[in-house]
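Engineer: missing the sequence, but the structure's below:
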Ligand code: HEC
Ligand code: HEC
Ligand code: HEC
Ligand code: HEC
Ligand code: HEC
Ligand code: HEC
């Protein structure tokens, strides 16, 4: 299963606490806990289970030690020199994203992002809610006919933003725009071939859906039996899967100097690894074997 991703819009409480708490630590010599610090002496609601080794008070309520592993955390004179990166500051810490810590105790249902690429319901029907998120109405597909009512609510160039960044991965920004003549020639030749075409947007720009097919495999019906529809191993539940690669050390060495520069501007230890794509999802053509890239580029090795 994929890791959980928090929907920040639905979690104002979490954000409020995260923000206020992280400010308070900046003033030296603090002797008071931040106003919005987590309550203590509260009883566990039914169903909440604390991870092993996170103690409760002898009255079975929440105490400082339920969350913090530093013995003297309740001594205000220690607060000025707290090291929040200390693995004991928060049990099993440090946490890159504070919600990950919160969800060790709190239930995360209701805070998960809706994966609108999961379009086939358990009863075999298509999820209309998903279709009409992007389309004005659920498109009608009749065997052998060009699909009707596929109008989109937004231009393709902005359809994915909000849920995804403009930069979900390396090189996505470099690709958004008008192709050079060289690339365009190659792309047009590809689009005239029998292979699955890669559409540009209405301004003839490369955009997310040029490479990606946002539909779960099986949603778009073939017009004819010989039409190519790339299904691949596309599994929208699991998402893309990467595995370690023996080229990683080469890649790391190449980037080491630039990463060291960047590190000076970051509190978090930065690491960079090259990993090989093992399972791809939501692509129009397979990328693993180079087919996708080759439709527009001719790389010499
Ligand atoms: C439910 C979990 C929880 C409990 C219980 C808890 N804390 Fe915290 N505490 C946190 C979190 C989360 C932070 C913020 C961590 C961060 O800013 O990275 C924090 C921050 C702190 C800080 C640093 C504040 C700052 O930003 O400078 C101190 C000091 C602290 N807690 C002391 C205590 C004391 C004393 C108690 C008991 C009275 C206590 N905590 C109980 C979760 C908890
Ligand atoms: C060690 C377990 C534990 C952790 C970790 C934890 N909580 Fe809690 N939290 C509780 C308990 C127990 C309560 C009291 C029962 C309830 O209201 O659910 C509570 C209550 C709350 C409340 C309701 C407070 C109120 O005044 O009604 C909020 C908001 C909250 N937690 C947010 C957070 C956030 C944000 C984090 C992460 C920074 C967090 N919790 C981490 C155990 C935890
Ligand atoms: C994330 C946005 C998004 C969602 C959700 C979505 N679509 Fe689409 N759909 C598109 C885009 C963009 C296109 C045009 C590009 C293309 O052909 O894929 C499209 C095109 C289509 C087409 C025409 C394909 C063709 O080859 O002519 C059909 C049919 C379609 N969608 C059906 C559906 C159905 C049914 C659902 C719900 C189960 C759905 N879509 C959900 C974005 C979406
Ligand atoms: C309503 C929000 C939403 C919109 C709009 C949306 N997506 Fe997604 N997308 C998700 C969620 C949720 C996932 C599951 C992975 C995650 O939680 O990040 C996902 C996963 C993906 C993945 C696979 C990543 C993985 O590893 O699972 C791709 C590729 C992708 N989306 C492309 C697109 C494209 C292209 C568009 C626009 C046509 C689009 N998405 C529109 C929410 C959205
Ligand atoms: C030039 C082709 C191309 C373009 C343009 C492109 N992507 Fe991708 N994208 C890929 C490939 C290849 C992968 C890795 C294989 C896969 O989808 O599983 C990928 C992966 C992803 C993932 C999964 C990230 C992960 O960590 O696995 C998301 C999310 C995504 N793309 C969203 C987008 C969005 C949003 C845009 C537009 C802003 C976009 N992509 C533009 C080719 C492209
Ligand atoms: C739909 C066409 C298309 C596809 C598919 C595509 N690219 Fe590109 N690529 C472009 C465009 C457009 C540019 C911007 C430069 C240009 O127009 O020549 C670009 C630029 C690049 C660059 C920057 C260096 C340069 O040549 O200017 C790299 C690296 C690159 N692409 C790699 C890839 C890889 C790897 C893949 C496969 C995952 C891929 N591309 C798939 C269209 C495409």
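Structural biologist: Arrived safely, thanks for sending. On a predicted model such as this, the values are computed, not experimentally measured, just so you know. Ligands and ions are numbered 1, 2, ... in the order given.

Engineer: For ligand 3, what's its nearest residue on the stretch 151-300 of the chain.
Structural biologist: Nearest residue of the stretch 151-300 of the chain to ligand 3: residue 214, at 3.8 Å (CB to the nearest ligand atom). C-beta here means a position set from N, CA and C on the backbone, and glycine is covered the same way.

Engineer: quick one, what contacts that residue?
Structural biologist: The contact partners of residue 214, by CB atoms under 8 Å, 6 or more residues apart in numbering, come to 117, 134, 159, 160, 282.

Engineer: residues contacting the fourth one?
Structural biologist: In other words, residue 160. Counted by CB under 8 Å, 6+ apart, residue 160 has contacts 208, 209, 212, 214.

Engineer: Same check on the second one?
Structural biologist: Shown here is residue 134, whose contacts under the criterion CB under 8 Å, 6+ apart are 116, 152, 153, 154, 159, 214.

Engineer: Could you find the closest non-adjacent residue to residue 255?
Structural biologist: Nearest non-adjacent residue to residue 255, counting by CB to CB, 6 or more residues apart in numbering: residue 272, 5.4 Å away.

Engineer: how far away is that neighbour from residue 166?
Structural biologist: As judged by CB to CB, to the nearest Å, residue 272 and residue 166 stand 20 Å apart.

Engineer: In the protein, where is pLDDT below threshold?
Structural biologist: Scanning the chain for pLDDT under 70 picks out 1-30, 224-233, 301.

Engineer: doesn't residue 159 make contact with residue 201?
Structural biologist: No - Residue 201 lies out of contact with residue 159 (CB atoms under 8 Å); the separation is 9.6 Å.

Engineer: overlap in contacts of these two?
Structural biologist: Common neighbours of residue 201 and residue 159, using CB under 8 Å, 6+ apart, are residue 209.

Engineer: Could I get the full set of strands for this protein?
Structural biologist: Per DSSP state E, the chain carries strands over the ranges 241-244, 275-279.

Engineer: nearest to residue 181, of these?
Structural biologist: Nearest to residue 181, of all the strands of the chain, is strand 275-279, at 29.4 Å by CB to CB.

Engineer: what packs against the closest one?
Structural biologist: Applying 3 or more CB pairs under 8 Å, 6 or more residues apart in numbering; DSSP states H and E, we find strand 275-279 packed against strand 241-244.

Engineer: Direction included, what does the strand it packs on pair against?
Structural biologist: strand 275-279 (antiparallel) (DSSP bridges).

Engineer: The partner strand and ligand 4, are they touching?
Structural biologist: No - judged by CB under 6 Å from any ligand atom, strand 275-279 stays clear of ligand 4, getting no closer than 9.0 Å.

Engineer: is that strand anywhere near ligand 6?
Structural biologist: No - Strand 275-279 does not reach ligand 6 (CB under 6 Å from any ligand atom); its nearest approach is 9.2 Å.

Engineer: Could you check how far that strand is from the centre of its chain?
Structural biologist: Centroid separation for strand 275-279 versus its chain: 16 Å, with CA atoms, centre = their mean, to the nearest Å.

Engineer: returning to that earlier point: now flag whichever of the contacts of residue 214 is closest to ligand 1.
Structural biologist: residue 160 (31.5 Å).

Engineer: Could I have the buried ones of the contacts of residue 134 as PyMOL selection syntax?
Structural biologist: The following PyMOL line selects those of these that are buried, judged by 16 or more other CB atoms under 10 Å:
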select buried, resi 116+159+214
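
Engineer: In helices, which of the contacts of residue 134 fall?
Structural biologist: Per DSSP state H, helices hold the following members of these: residue 159.

Engineer: now the contacts of residue 134 in CSV, with distance to residue 69?
Structural biologist: Formatted as CSV, those follow (distance: CB to CB, whole Å):
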residue, distance to residue 69
116, 39
152, 51
153, 49
154, 47
159, 45
214, 44
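
Engineer: quick one: which of the contacts of residue 134 is nearest residue 294?
Structural biologist: Each of those was scored against residue 294 by CB to CB, and residue 214 proved nearest at 22.3 Å.

Engineer: measure the closest one to ligand 4 for me?
Structural biologist: According to CB to the nearest ligand atom, to the nearest Å, residue 214 stands 4 Å off from ligand 4.
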